[in-house]
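Visitor: Have a look at this prediction, sequence included:
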Amino acid sequence: MDADHHPFPTNALRQWYGRAKRDLPWRGSSDPYTIWISEVILQQTRVDQGTPYYHRFLSAFPTVTDLANAHEDEVLKLWEGLGYYSRARNLHAAAKQVTTGPGGCFPNTYEGLRSLKGVGPYTAAAIGSIAFDLPVACVDGNVTRVLARFHGITDPVDSAPVIKAIDRSAQGALDIQSPGEHNQAMMELGATVCLPRNANCEQCPLQAGCNAYRLGLVDSIPMKSKRTKVRERYFHFLVLTDGEHTVVERRPAGDIWQGLYQFPMLESDRTLDADEVLAHYRIKGAVLADSHGPVRHILTHQRIFGRFFEFRVKHLPPSIADPVPWQDLERLAFPRLIHHYLNKKMLAHSKKV
DNA sequence: TAAACGTGGCA
DNA sequence: TTGCCAAGTTT
């Protein structure tokens, strides 16, 4: 599967990192808590997108105890718009694990870190190596791409044997004198030089030994076998209001946006109109005050068409859910699709006043 | 093991 | 517009 037996140029990588590394907010600290937060925020997330969340999150919860003592709604609100909300729920649960666990402090072994909710092989290696100098290699998307190219691996990198080989290779290349710096250097190379497209091979410290470069395969490595299929869904939100209050509910487990809030929602396999939505909910005396959408919301695996129907009633029926003052919505976390709608709503309201 | 889980940027 | 991708984990 690999086309060479070149030793990995660890020294060249370290020297490159010393002069080329970016100045990122979470660099230079060895506090496992702040490293943990940054690593979770950066899962499947770009630095530019995650950085403001990192600052807000640590301002709200400076220590693991602060996080553990928070309410889940507050944690989710700080995560609003960042996506993959299980990260926030797991972060909160893991903070409780830490503070109520043995010694009440952060685990400092790989297995101890792995036992925390939301901490998988990558994150355990990252925290372990950066905070505690544990000799464990990080294998993320960057490292996979760097090593697949360096070794000239043309097989799909999402197959089990290749994952295993890359893992071994990463561990073999690790600089055990400074595993944290080495891991960050590997990822930094993938993030700034060995890019998915338009790799900048001319400034790469690994060029001399890189098989993909030698064979002209940089643009075709790494290869992936999985294809993403897109599901279409039609969400119809019932925005019920008596002028002062509205009605929201919590998204259930086992679907997208778990734990976030939404207006009562009717899903269908096609777009419905206001009459059909109202017929479903059977609200007496409701008057259609406004409708919005369909709004297309594009996700990796699904395409959601959202429609919002605002109905005016004299009195909110207690049968659906608890009425909430409009102002209280700002403390709740909503999916992006709904957040955009609310922004528009609030803007219109503030213009009238 | 494959599929689910968000959002935004880019070509 | 569409598909791919980004410091992955869970079930």
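Guide: Arrived safely. Fair warning: this is a prediction, and the values are worked out from it, not measured in the lab.
Visitor: Residues of the stretch 251-353 of chain A that sit close to DNA strand B?
Guide: Within the stretch 251-353 of chain A, the residues that sit near DNA strand B (CB under 7 Å from any atom of the strand) are A:254-258, A:297-302, A:335-337. For every residue, glycine as well, the C-beta is placed using N, CA and C.
Visitor: May I ask which two of those residues are separated the most?
Guide: A:Gly254 and A:Ile298 (22.0 Å; CB to CB).
Visitor: of the residues of the stretch 251-353 of chain A next to DNA strand B, list those near DNA strand C.
Guide: Restricting these to those near DNA strand C by CB under 7 Å from any atom of the strand leaves A:Ile298, A:Thr300.
Visitor: Now go through the residues of the stretch 251-353 of chain A next to DNA strand B and say which are in helices.
Guide: In this view, those that belong to helices under DSSP state H are A:Arg336, A:Leu337.
Visitor: And the buried ones among the residues of the stretch 251-353 of chain A next to DNA strand B, selectable in ChimeraX?
Guide: Restricted to buried positions by 16 or more other CB atoms under 10 Å, the ChimeraX selection for these reads:
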select /A:257,297,335,337
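Visitor: Now tabulate the residues of the stretch 251-353 of chain A next to DNA strand B in CSV and tack on pLDDT.
Guide: Output for those, formatted as CSV (pLDDT from 0 to 100):
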residue, pLDDT
A:Gly254, 89
A:Asp255, 92
A:Ile256, 94
A:Trp257, 96
A:Gln258, 96
A:His297, 95
A:Ile298, 93
A:Leu299, 93
A:Thr300, 90
A:His301, 90
A:Gln302, 93
A:Pro335, 97
A:Arg336, 96
A:Leu337, 96
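Visitor: Could you count how many residues lie near the closest residue to DNA strand B within the stretch 101-250 of chain A?
Guide: Residue of the stretch 101-250 of chain A nearest DNA strand B, by CB to the nearest atom of the strand: A:Ala160 (4.1 Å). By the criterion of other CB atoms under 10 Å, A:Ala160 has 7 neighbours.
Visitor: pLDDT value on it, please?
Guide: pLDDT, A:Ala160: 92.
Visitor: Between stretch A:175-188 and DNA strand C (residue level, any contact counts), is there anything?
Guide: Yes. Residues of stretch A:175-188 contacting DNA strand C under CB under 7 Å from any atom of the strand: A:Gln184, A:Met187, A:Glu188.
Visitor: of these, closest to A:Pro317?
Guide: Distances from A:Pro317 to the residues of stretch A:175-188 next to DNA strand C, taken by CB to CB, are shortest for A:Met187, at 53.3 Å.
Visitor: where's the closest one, which helix or strand?
Guide: Using DSSP states H and E, A:Met187 sits in helix A:179-192.
Visitor: could you point out which element follows that helix?
Guide: helix A:211-215.
Visitor: mind listing what's buried in that following helix?
Guide: A:Asn211, A:Ala212, A:Tyr213.
Visitor: Return the set of buried residues in the helix or strand following it.
Guide: The first helix or strand that comes after helix A:211-215 along the chain, using DSSP H and E, is strand A:231-241. Buried residues in strand A:231-241, defined by neighbour count with 16+ other CB under 10 Å: A:Arg233, A:Tyr234, A:Phe235, A:His236, A:Phe237, A:Leu238, A:Val239, A:Leu240, A:Thr241.
Visitor: wait, does strand A:231-241 contact DNA strand C?
Guide: No. For strand A:231-241, no contact with DNA strand C is found by CB under 7 Å from any atom of the strand; the gap never falls below 10.7 Å.
Visitor: do the same with stretch A:203-217
Guide: No. Residues of stretch A:203-217 contacting DNA strand C under CB under 7 Å from any atom of the strand: none, with a closest distance of 13.8 Å.
Visitor: got a list of contacts for that stretch?
Guide: Defining contact as CB atoms under 8 Å, 6 or more residues apart in numbering, one finds that stretch A:203-217 is touched by A:2-4, A:6-9, A:12-13, A:15-16, A:20, A:146, A:148-152, A:154, A:189, A:193-194, A:201, A:218, A:221.
Visitor: and the residue lying farthest from the centre of chain A, what pLDDT?
Guide: Distance from the centre of chain A peaks at A:Gly285, with 42.5 Å (CA atoms, centre = their mean). Here the pLDDT value assigned to A:Gly285 is 86.
Visitor: A:Asn69 versus that one, what's the distance?
Guide: Separation of A:Gly285 from A:Asn69 (CB to CB, to the nearest Å): 44 Å.
Visitor: what about A:Pro25, distance to A:Ser59?
Guide: 12 Å.
Visitor: Comparing these two, which residue is more hemmed in?
Guide: Neighbours were counted for A:Pro25 and for A:Ser59 using other CB under 10 Å; A:Pro25 has more, 15 against 9.
Visitor: which residues does the more buried one contact?
Guide: A:Ser38, A:Thr51, A:Tyr54, A:His55.
Visitor: Among the residues you listed, name the buried ones.
Guide: Buried residues within the contacts of A:Pro25, defined by neighbour count using 16+ other CB under 10 Å: A:Ser38, A:Thr51, A:Tyr54.
Visitor: In TSV, list these along with distance to DNA strand B and secondary structure.
Guide: Shown next, in TSV, are the buried ones among the contacts of A:Pro25 (distance: CB to the nearest atom of the strand, whole Å; DSSP: H, G, I helix; E, B strand; the rest coil):
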residue	distance to DNA strand B	secondary structure
A:Ser38	14	helix
A:Thr51	12	helix
A:Tyr54	14	helix
